[in-house]
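Participant: Dropping the sequence and predicted coords here.
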Amino acid sequence: MTAKDFRTWHGTLKAARGLAEAGPQPTETRRKKIVAHAMKEVAELLGNTPAVARASYVDPRVIEHFAAGGVVAEDNEQETLDLLAD
């Protein structure tokens, strides 16, 4: 494991928790705003810009899952692992 692996895992978990906290959203516009907010939180945690956080430190499957109307339980790392294993 490398430092980037740990940063990616923490970024992915932070994003998954932020999206779960917001819950499923009824419109695409609202989902995009929630994703943007979650990326800002990840960027703050990791000391990057939101664009770098999204591109390099958040697994895209978490965002895709949210865009499709799904969320993982806020404090459930195993559920996030299961999502990424699919």
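Facilitator: That came through, no problem.
Participant: C-alpha only now, for contacts and for neighbours.
Facilitator: OK.
Participant: what about the helices in this protein?
Facilitator: Remark: helices assigned in the chain by DSSP state H are 3-22, 28-46, 50-52, 60-67, 77-85.
Participant: Output the ones you listed in CSV, with mean neighbour count appended to each entry.
Facilitator: Shown next, in CSV, are these (neighbours: other CA atoms under 10 Å):
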stretch, mean neighbour count
helix 3-22, 19
helix 28-46, 18
helix 50-52, 16
helix 60-67, 18
helix 77-85, 13
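Participant: In JSON lines: those, plus mean pLDDT.
Facilitator: Output for the helices of the chain, formatted as JSON lines (pLDDT from 0 to 100):
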{"stretch": "helix 3-22", "mean pLDDT": "93"}
{"stretch": "helix 28-46", "mean pLDDT": "97"}
{"stretch": "helix 50-52", "mean pLDDT": "97"}
{"stretch": "helix 60-67", "mean pLDDT": "94"}
{"stretch": "helix 77-85", "mean pLDDT": "78"}
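Participant: Pull up the gap between Thr8 and Leu45, please.
Facilitator: 11 Å (CA to CA, to the nearest Å).
Participant: oh, I was asking about Arg30
Facilitator: Taking CA to CA, one finds Arg30 at 23 Å from Leu45.
Participant: and if you look at Ala38?
Facilitator: 11 Å.
Participant: try Asp82
Facilitator: 24 Å.
Participant: Quick one: residues contacting the residue positioned nearest the centre of the chain.
Facilitator: The centre of the chain sits closest to Ala15, judged by CA atoms, centre = their mean, with a distance of 2.6 Å. Listed by CA atoms under 8 Å, 6 or more residues apart in numbering, the contact set of Ala15 reads 38-39, 41-42, 58, 62.
Participant: again, only using 10 Å
Facilitator: 9, 21, 35-43, 53-54, 57-59, 62-63, 74 (CA atoms under 10 Å, 6 or more residues apart in numbering).
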